[in-house]
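# quick one: sequence and predicted model below, then my questions.
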Amino acid sequence: MVYSWYGDQMRIGVLGAGQLGRMLIQAANSLDIQLHMLDADRLAPCAHIANGFEVGSLTDYQTVLNFGQDKDLLTIEIENVNTEALKTLEKKGVKVFPQPHIIELIRDKGLQKQFYVDHNFPTARFICYDSSKNTIPFEFPIVQKIRTGGYDGKGVKIIRNTNELKSAFEEPSIIEECIAFEKELSIIVARNQSGQIKCFDAVECEFNSEANLVEFLFSPANISRDIENNAKQIATDLIEKLGMVGLLAVEFFLTKDGQLLINEIAPRPHNSGHHTIEIARCSQFEQHLRAILDLPLGDTTLHSAGAMVNLIGEKSYEGPVYYEGLDEILALDGVHPHIYGKSITKPFRKMGHVTISAPKIEQVRLIAARVKTLIKVKSVQD
């Protein structure tokens, strides 16, 4: 077989040039894969390190069409892109992974949830909500999620009573039962064009309740082997049923009686897989590239226990970024900072993450707690 994916033999385009693209470039460099990025932000994290970088709207039909015209393959690091342009490019012979119709399904939470119901995947009960037409068939509290455009905890509300319903989102949304869960888990699964599928081990997520963002994640998760295997089987069945090529993050609620319910999915590298850079034999970013290029999928074995601490902007600071305590955490064994290259911090903005590796999960948890107390994302003060 003659390989033609390395060097300048293949032009691969990425819609989006944020932190996920930055880590995708780092993985691509090891295989001499050249990535060309499109983003609306001229100061995007990938702007100065991509093989090619263009400034333009990801949602504009003509901009996406023009960007993709000279590419052999396109992928994404964000779902909010112009899928009609991607469909046109597919017809012209450009490969697009994940496929445009899958991006459309997943980015609309109503369509996504209905897909689970139609194909017998476990998920919380829901309705597509219109305040002028619907009554709520669930007991309070309930969860409202806007159908499109939500990210990083935005576009989600917990509504505790009828009075709070008056301030619900006006955008098209879904209303879900509020699940009393024991843990939040995530599985990263990949599928290549040949149909090969591999899962990473489950991670356990702990959230910042104020920002509604992942604060910590730990792997291996503190769950039974049966629950781990069940989560992997659901993720495998889901990516196979979708017929998707690429990487899929599957987020679960683990209920108090041991049931797994799919919360949401994302068709790309994901925050819950960042630890794989340091503690897996093949990172999620390399796995995504292998999948879309139809290369053999990599070994997902974890060679140590690991954690991730998200670095988000302190809520009282906005302006040129300053990482207080960065030098202190660099003195700790097994600590690996990833700074995203964003020059301006804002309250709760994702600015980086830190992974921790150690032989035992108990050690990892202690170091992660120490890291959390030492490093703060602030702005430079006059």
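Okay, I see it. Residues are numbered from 1 along each chain as shown.

# use CA for all of it now, contacts and neighbours both
OK.

# center of the chain - which residue?
Computing the C-alpha centroid of the chain and ranking residues by Cα atoms, centre = their mean puts His270 first, at 2.4 Å.

# wait, what's in contact with it?
20, 249 (Cα atoms under 8 Å, 6 or more residues apart in numbering).

# let's see it at 10 Å
Contacts for His270 (Cα atoms under 10 Å, 6 or more residues apart in numbering) come out as 20, 77-78, 186, 188, 247-250, 284-285.

# for it, give its distance to Glu251.
Counting by Cα to Cα, to the nearest Å, the gap from His270 to Glu251 is 10 Å.

# mutual contacts of the two, please.
186, 188.

# how many neighbouring residues does the nearest residue to Ser57 once chain neighbours are set aside have?
Using Cα to Cα, 6 or more residues apart in numbering and skipping the chain neighbours, the partner closest in space to Ser57 is Ala40 (4.9 Å). Using other Cα atoms under 10 Å, Ala40 has 15 neighbouring residues.

# run through the residues that contact Ala40.
Taking Cα under 10 Å, 6+ apart as the test, what Ala40 contacts is 15-17, 54-59.

# name the SS class of Glu215, please.
Secondary structure for Glu215, judged by DSSP: H, G, I helix; E, B strand; the rest coil, is strand.

# dump the residue contacts of it.
205-209, 308-312, 353, 372.

# of those, keep whichever come out buried.
205-206, 308-312, 353, 372 (16 or more other Cα atoms under 10 Å).

# if we can go back for a sec, tell me the most packed of the contacts of His270, by neighbour count.
Gln284 (32 neighbours).

# one step back: now do the phi/psi pair for the residue nearest to Ser57.
According to degrees, to the nearest 10, the main-chain angles of Ala40 amount to phi -70, psi -20.

# now the helices for the stretch 101-250 of the chain?
For the stretch 101-250 of the chain, the helices defined by DSSP state H, counting those that start in this stretch occupy 109-118, 162-165, 225-242.

# looking at the contacts of Glu215, which are in strands?
205-208, 308-312, 353 (DSSP state E).

# so among the contacts of Glu215, where is pLDDT lowest?
Among the contacts of Glu215, Ser209 carries the lowest pLDDT, at 67.

# circling back: with distance to Ala85 as added columns, please give the contacts of Glu215 in TSV.
Output for these, formatted as TSV (distance: Cα to Cα, whole Å):
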residue	distance to Ala85
Cys205	35
Glu206	37
Phe207	36
Asn208	37
Ser209	38
Met308	36
Val309	37
Asn310	34
Leu311	34
Ile312	34
His353	33
Lys372	43
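
# how far away is the nearest residue to Ile33 once chain neighbours are set aside from Glu171?
Using Cα to Cα, 6+ apart and skipping residues adjacent in sequence, the residue nearest Ile33 is Tyr6, 4.8 Å away. According to Cα to Cα, Tyr6 and Glu171 sit 44 Å apart.

# ok, the residue nearest to Ser57 to Gly110 distance?
Ala40 is 27 Å from Gly110, by Cα to Cα.

# likewise for Asn120?
16 Å.

# which of these two has more neighbours?
A direct count of neighbours by other Cα under 10 Å for Asn120 and Gly110 places Gly110 higher, at 22 against 9.

# what's the most distant pair in the ones in strands among the contacts of Glu215?
Cys205 and Ile312 (15.8 Å; Cα to Cα).

# was I right about Phe125 contacting Cys178?
Residue 125: Arg, not Phe. Yes - Arg125 lies in contact with Cys178 (Cα atoms under 10 Å); the separation is 9.1 Å.

# what's the burial count for Asn66?
12.

# oh sorry, the question was meant for Leu260
Neighbour number of Leu260 under other Cα under 10 Å is 25.

# now swap in Gly341 and tell me
Counted with other Cα under 10 Å, Gly341 comes out at 17.

# quick one: it from Pro137, how far?
46 Å.

# try Ile78
On the measure of Cα to Cα, Ile78 and Pro137 end up 33 Å apart.

# with Leu289 instead?
Counting by Cα to Cα, the gap from Leu289 to Pro137 is 43 Å.

# could you chop this structure up by domain?
Taking automatic domain parsing as the reference, the chain has its domains at 7-96, 125-177, 181-379.

# any chance of a markdown table for those, columns distance to Ile106?
Formatted as a markdown table, the domains of the chain follow (distance: least, Cα to Cα, whole Å):
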| stretch | distance to Ile106 |
| --- | --- |
| domain 7-96 | 8 |
| domain 125-177 | 9 |
| domain 181-379 | 7 |
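
# any idea which of these scores lowest on pLDDT?
It's domain 125-177: among the domains of the chain, that one has the lowest mean pLDDT, namely a mean of 89.

# flag every buried residue along stretch 360-378.
In stretch 360-378, counting by 16+ other Cα under 10 Å, buried: 361, 364-365, 367-368, 371-372, 375-378.

# distance from it to the middle of the chain?
22 Å (Cα atoms, centre = their mean, to the nearest Å).
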